[in-house]
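Enquirer: take a look and give me a structure for this.
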Amino acid sequence: MTAASFAVRTGGSRQLAGTATLLRFALRRDRVMIPVWVAVDALMVLSMPNTLKSLYGTQAQRDDLLHQVTTNSSLRALVGPVFDDSLGALTAWRVGVYAGALAAVMSLLVVVRHTRDEEESGRQELVSSGMVGRRAPLTAGLLAAAVANGVLALLVAAGMASHGGAGAVAFGLGIAGVGMVFATMTAIVAQLTESARLARGLTAAVLGAAFVLRAAGDSATDGGTSQAFGTGGGSSVLTWLSPIGWLENLRPYAGERWWVLLLLVAAALVQGLIAYELAGRRDIGMSFLPTRPGPASGRLGTADALAWRLQRGGVLGWSVGFFLAGVVYGGLTDGAADLVGDNENAREIFERMGGRSGITDSFLASMVGMLGLVAALYIVASVLRLHGEETSGRAEPLLANAVGRMRWAAGHLTVAFGGSVFIMLLAGLGFAAGYGKQVGPVMGACLVQVAAVWVIGGVAVLLYGVAPRLAPAAWGVAGAVLLIGWVGPALDVPQAVLDISPFGHLPKLPGGSMQWAPVLVLLGVAVVLTAAGLVGVRRRDMTT
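Expert: Purely as a prediction, here's the structure:
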């Protein structure tokens, strides 16, 4: 379809009337969420060159790293192949996959928030009663995602420019390109489904599949020096099937393949046109995939049962992801000592993250801690489901019946807090399956993380209960904790900064001694925060 024919079929500018106003409104609503996601992603990238310089400052250390990547398929599956030994290329290797994935998550959240979320809540119908074009909301959502990814690309390119201008531009555009591919993919899914929750879940599932395809392709392909420093050698077909794999194959700082950017642009444009075509063929609030007709099967006689029904898909998805992550990290444990070798700087980073009880225990403790940080994202998302049910108006008819606020909230909080325990248990089982040793200590280490995770959940409950308009700021808290935990040890920040995060007070397990005092204090803080939030829910008016 040409641009001219598309413009004719969509009715020209009438279909986009009000886009500028909706875009300003979208950016205002996301004035906290977008900056937090962009900052976390950019800082993760920009903090890496100095860290890598301290870790692999000599040519011998870099040669040893390349050898480890060549011979360790699990390491390639985790972070991908390395194509050159410059600081820029090593940075793209170490964080490129995760920076692209974070950009994708940010984009899908932004697009769903300003398309299907608005329709599901009924606000879009009210807005569209004015002088707003049919495709204006979709355009505003995609433009908001484009602004976020554009700022991220500029920050990465500017921050990495000292290591090579061309590589910095390629790296920044590649990360933003992955974000926009998933933004337009989310736009299609938002037309197909009637539920914002399902739209997020399906797009997240596609992102997970893309990560798995990339990992499978990289683990099956020799990622060593023969591929890094020559013109021959290529990635697996599986890697090329993943948009995240395209970012790898762009090869920033390693003989940039600029034509790979065309794949990202073409995918985003084609998916965008499909989304626009679908948006013009349905009514507001409707979808192309029919919803399952009632009555609902199963027992939904209680608020707890309803909360579980609404959140069980998310719990299942997070559980599978944590189990697989545990398997991968557990499989890397035996080679942790070989990967670190005689590199004292790398050893110090692992010890700061996981304690000074030997490199294997330090590696296990650091990986368990990383999963604990990610679990904080789960509990925030699960707690804020209360906010979504309230603002969409679905909670009001439920509370109009013989269901009290505390009973309604308790159902969702049980899933949120109990689910965090469950996914960490599955992470421990994954470590046991991948490593096969220290099953009990590793399971205990995973459960200890729950105390800090519950503190973040308590903060989310407090914000929702006392100041519901500020409830999305819980994402900022989780993002800050994630940034401190991931980047802080590598940058050798003061211990006082690390202690801002509740995870900084946990005992370093396995390997270290169990300290019950900080764990019990954190649990007490979580209880107090949650109780204060529930008091706020009980006393304030419900919003719509």
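
Enquirer: can you name the residues that contact Phe182?
Expert: Phe182 makes contact with 103-104, 107-108, 203, 206-207, 243 under the criterion CB atoms under 8 Å, 6 or more residues apart in numbering. For every residue, glycine as well, the C-beta is placed using N, CA and C.

Enquirer: does it lie in a helix or a strand, and which?
Expert: When secondary structure is defined using DSSP states H and E, the element that contains Phe182 is helix 165-192.

Enquirer: relative to the whole chain's centre, how far out is that helix?
Expert: Helix 165-192 has its average C-alpha position 14 Å from the chain's average C-alpha position, going by CA atoms, centre = their mean, to the nearest Å.

Enquirer: number the residues from 28 up from this point.
Expert: Sure, I'll start numbering at 28, so the last one becomes helix 192-219.

Enquirer: and the next element down the chain from that helix?
Expert: Counting by DSSP H and E, the element after helix 192-219 in chain order, helix or strand, is helix 223-246.

Enquirer: buried ones in that next one?
Expert: Residues of helix 223-246 classed as buried by neighbour count (16 or more other CB atoms under 10 Å): 223-231, 233-234, 237-238, 240-246.

Enquirer: low-confidence ranges in the stretch 378-527 of the chain?
Expert: Counting by pLDDT under 70, the stretch 378-527 of the chain contains low-confidence residues at 378-386, 515-520.

Enquirer: let me know the helix or strand that Ala281 is in.
Expert: Secondary-structure element containing Ala281, defined by DSSP H and E: none, the residue being outside all helices and strands.

Enquirer: wait, it touches Asp111, no?
Expert: Yes - counting by CB atoms under 8 Å, Ala281 touches Asp111, with 3.9 Å between them.

Enquirer: so which of the contacts of Phe209 would you say is closest to Leu509?
Expert: In terms of CB to CB, no member of the contacts of Phe209 lies closer to Leu509 than Ala130, at 15.0 Å.

Enquirer: so who does the closest one touch?
Expert: Contacts here follow CB under 8 Å, 6+ apart; on that basis Ala130 touches 68, 176, 179, 202-203, 205-206, 209.

Enquirer: tell me which element it falls in.
Expert: In this structure, Ala130 is located in helix 114-141 according to DSSP H and E.

Enquirer: check the offset of that helix from the chain's centre.
Expert: Computed by CA atoms, centre = their mean, the chain-centroid distance of helix 114-141 equals 8 Å.

Enquirer: cool, and stretch 492-508?
Expert: In terms of CA atoms, centre = their mean, the gap separating the centre of stretch 492-508 from the centre of its chain is 16 Å.

Enquirer: ok, now stretch 479-486?
Expert: 18 Å.

Enquirer: where does the stretch 128-277 of the chain have low pLDDT?
Expert: In the predicted model, the stretch 128-277 of the chain carries pLDDT under 70 at residues 248-262.

Enquirer: re the thing from before, mind putting the contacts of Phe209 in a markdown table, distance to Val524 included?
Expert: Written out in a markdown table, the entries for the contacts of Phe209 read as follows (distance: CB to CB, whole Å):
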| residue | distance to Val524 |
| --- | --- |
| Ala130 | 26 |
| Ala131 | 29 |
| Ser134 | 30 |
| Leu135 | 31 |
| Thr230 | 34 |
| Val233 | 36 |
| Leu234 | 31 |
| Pro270 | 35 |
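
Enquirer: nearest to Leu277 among these?
Expert: Distance from Leu277 was checked for each of these by CB to CB. The minimum falls on Pro270, at 11.0 Å.

Enquirer: can you tell me how far the closest one is from Ala237?
Expert: Using CB to CB, to the nearest Å, Pro270 is found at 6 Å from Ala237.

Enquirer: and the helix holding Ala130 with helix 223-246, angle?
Expert: For helix 114-141 against helix 223-246, the angle by axes from the mean of the first three to the mean of the last three CA atoms, to 10 degrees is 160 degrees.

Enquirer: mind saving the C-alpha coords of stretch 214-221 as CSV?
Expert: Once non-C-alpha atoms are left out, stretch 214-221 reads as follows in CSV (Å, rounded to 0.1, in the frame of the first residue of the first chain):
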residue,chain,number,x,y,z
ALA,A,214,-0.4,-1.5,18.3
ILE,A,215,-1.5,-4.5,16.3
VAL,A,216,-2.2,-6.6,19.3
ALA,A,217,-4.2,-3.8,20.9
GLN,A,218,-6.6,-3.9,17.8
LEU,A,219,-7.0,-7.7,18.0
THR,A,220,-7.7,-8.0,21.7
GLU,A,221,-10.4,-6.4,23.9
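
Enquirer: quick one: it to chain centroid distance?
Expert: Taking the mean C-alpha point of stretch 214-221 and that of its whole chain, the gap between them comes to 20 Å (CA atoms, centre = their mean).

Enquirer: next one: stretch 531-545
Expert: Centre-to-centre, stretch 531-545 and its host chain are 27 Å apart (CA atoms, centre = their mean).

Enquirer: try stretch 225-232
Expert: The offset between the C-alpha centroid of stretch 225-232 and the centroid of the whole chain comes to 12 Å, using CA atoms, centre = their mean.

Enquirer: next one: stretch 469-482 to chain centre, how far?
Expert: Average the C-alpha atoms of stretch 469-482, do the same for its chain, and the two points are 20 Å apart (CA atoms, centre = their mean).

Enquirer: wait, isn't His532 in contact with Val475?
Expert: No - counting by CB under 8 Å, Val475 is not a contact partner of His532; they are 10.8 Å apart.

Enquirer: which element, helix or strand, includes the closest residue to Gln476 other than its chain neighbours?
Expert: With CB to CB, 6 or more residues apart in numbering as the criterion, Gln476 has its nearest non-adjacent residue at 3.1 Å, and that residue is Gly399. Per DSSP H and E: Gly399 is located in helix 386-410.

Enquirer: so for that helix, what gets flagged as buried?
Expert: Judged by neighbour count (16+ other CB under 10 Å), helix 386-410 contains these buried residues: 386-410.

Enquirer: run the angle between it and helix 223-246 for me.
Expert: Using the same axes, to 10 degrees: helix 386-410 against helix 223-246 is 160 degrees.

Enquirer: give me the helices and strands touching helix 386-410, please.
Expert: With contacts defined as 3 or more CB pairs under 8 Å, 6 or more residues apart in numbering; DSSP states H and E, the secondary structure elements packing on helix 386-410 are helix 330-360, helix 363-367, helix 371-381, helix 432-462, helix 466-493, helix 500-518.

Enquirer: how about CSV for those helices, with mean neighbour count and distance to Ser81 added?
Expert: Putting the helices and strands packed on helix 386-410 into CSV (neighbours: other CB atoms under 10 Å; distance: least, CB to CB, whole Å) gives the following:
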stretch, mean neighbour count, distance to Ser81
helix 330-360, 19, 21
helix 363-367, 17, 13
helix 371-381, 20, 5
helix 432-462, 21, 28
helix 466-493, 24, 27
helix 500-518, 20, 9
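
Enquirer: ok, now how distant is Ile450 from Ser346?
Expert: Separation of Ile450 from Ser346 (CB to CB) stands at 5 Å.

Enquirer: kindly report the same for Gly461.
Expert: For Gly461, the distance to Ser346 equals 16 Å [CB to CB].

Enquirer: same check, this time on Gly186
Expert: Gly186 is 36 Å from Ser346, by CB to CB.

Enquirer: also Ser528?
Expert: According to CB to CB, Ser528 stands 24 Å off from Ser346.

Enquirer: show me what stretch 139-154 is in contact with.
Expert: 49, 53, 56-57, 164-165, 167-168, 171, 213-214, 217, 220-223, 226-227, 230, 311-312, 415, 418-420.

Enquirer: how about a cut-off of 7 Å?
Expert: Here stretch 139-154 makes contact (CB atoms under 7 Å, 6 or more residues apart in numbering) with 53, 164-165, 167-168, 171, 213-214, 217, 220, 222-223, 226-227, 311-312, 418-420.
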